[in-house]
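> Sequence and computational prediction follow.
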Amino acid sequence: MIAVDFQVPVDITPETLLSDLPEWDSLAALGIIVMFDVDYNKTIVGDDLKNCATVSDLYKLLG
């Protein structure tokens with residue numbers, strides 16, 4: 001699952017807080033929404049992402 005283009009390499013684990021990611025912003029969130037739709041045929045909205053604090057929470061959205 002890659003939707004954010006990090007300028008500096010970042011170690012990510014399931015417990016990584018999205019808010020701690022340097023490039024996590026509204027464009028990254030939009031990228032996640034598009035990726036879920038295109039790559040996984042799963043529709044999510046901004047409110048779904050507001051409830052996600054960690055990388056693991058994103059995976060849980062895939063159901």
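Arrived safely.

> tell me the SS of residue 11?
Three-state call for residue 11 (DSSP: H, G, I helix; E, B strand; the rest coil): coil.

> Let's see the pLDDT reported for it.
Residue 11 is assigned a predicted lDDT (pLDDT) of 86.

> which ones are touching it?
By CB atoms under 8 Å, 6 or more residues apart in numbering, residue 11 lies in contact with nothing. All C-beta spots, glycine's among them, are computed from the backbone N, C-alpha and C.

> Where does the prediction get shaky in this structure?
Residue ranges of the chain with pLDDT under 70: 1-7.

> biggest helix in the protein, by residue count?
Taking DSSP state H as the criterion, the chain has its longest helix at helix 26-40.

> So for that helix, what gets flagged as buried?
Across helix 26-40, burial judged by 16 or more other CB atoms under 10 Å covers 28-29, 31-33, 35-36.

> ok, so what distance separates the nearest residue to residue 16 once chain neighbours are set aside from residue 31?
In this structure, residue 16 finds its nearest non-sequential neighbour in residue 55, 4.8 Å apart by CB to CB, 6 or more residues apart in numbering. Noted for residue 55: a distance of 14 Å to residue 31, by CB to CB, to the nearest Å.

> Fine, thanks again, bye for now.
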